[in-house]
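*Asks:* Need coordinates for the following:
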Amino acid sequence: MLSDKDKEIIKVLQEDFPLCEEPYKVLAGKVGISEEEFLRRVQELVDEKKIRKMGAVLRHREAGFKANALCAWSVPPEKIDDIAKIMSGHPAVSHCYDRTTAPNWNYNLYTMVHAKNREECEKIISELSAATGIENFQIMYSKKEWKKTGMKYFCE
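*Replies:* This is a model prediction of the structure:
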């Protein structure tokens, strides 16, 4: 179980990271503890596997990655773990999910590919197809970004 203080720490870690010389001191101050205690507790949360990762969110369009393709793949169920491992290992793939199929939609593995343009997306998808032998797929390009945020927890 998480203590109330741990929940407060997680809340401030989900906010925009302070761009200053001592960002953890600023975050600790928001929680009302010392920087040393803040860092110790964060490390404990990591060690206890209560925090899996911390990272930056890249605003990919602003960084020049204008094309995003959700690619739905039809993968034999007995091969899905091996195929997903190959696809998720590609640096241009940010997400890789196994999903349930539906009537008239036999696609069960989904990858999100980011590139500078559509041609580059299609080249990457062709590489993934060649590397895995999966030739049945559908490419769906993003038209408009409505929302892009990380998940927020303990936001009463």
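*Asks:* and Ile125, what element?
*Replies:* helix 118-132 (DSSP states H and E).
*Asks:* Now do that helix: everything it contacts.
*Replies:* With Cβ atoms under 8 Å, 6 or more residues apart in numbering as the test, helix 118-132 has contacts from 67-69, 71, 75, 83, 86-87, 90, 92-93, 111, 113-115, 134-135, 137, 139, 141. To be clear about C-beta, it is placed using only N, CA and C from the backbone, and glycine gets the same treatment.
*Asks:* C-terminal to that helix, what's the next element?
*Replies:* Tracing the chain C-terminally past helix 118-132 and defining elements by DSSP H and E, one meets strand 137-141 next.
*Asks:* how far does that next one sit from the chain's center?
*Replies:* Distance of strand 137-141 from the chain centroid (Cα atoms, centre = their mean, to the nearest Å) equals 19 Å.
*Asks:* Could you list the buried residues of that strand?
*Replies:* Within strand 137-141, the residues that count as buried by 16 or more other Cβ atoms under 10 Å are Phe137.
*Asks:* What residues does Met54 make contact with?
*Replies:* Applying Cβ under 8 Å, 6+ apart, the residues near Met54 are Leu13.
*Asks:* ok, His60 to Leu19 distance?
*Replies:* For His60, the distance to Leu19 equals 20 Å [Cβ to Cβ, to the nearest Å].
*Asks:* Who has more neighbours out of those two?
*Replies:* For His60 versus Leu19, neighbours defined as other Cβ atoms under 10 Å are more numerous around His60 (17 against 7).
*Asks:* Walking through this protein, point out its strands one by one.
*Replies:* Under the criterion DSSP state E, the chain carries strands at the ranges 67-73, 93-98, 109-115, 137-141.
*Asks:* Make TSV out of those strands and add mean pLDDT and distance to Lys11.
*Replies:* Formatted as TSV, these follow (pLDDT from 0 to 100; distance: least, Cβ to Cβ, whole Å):
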stretch	mean pLDDT	distance to Lys11
strand 67-73	94	29
strand 93-98	94	25
strand 109-115	95	27
strand 137-141	96	34
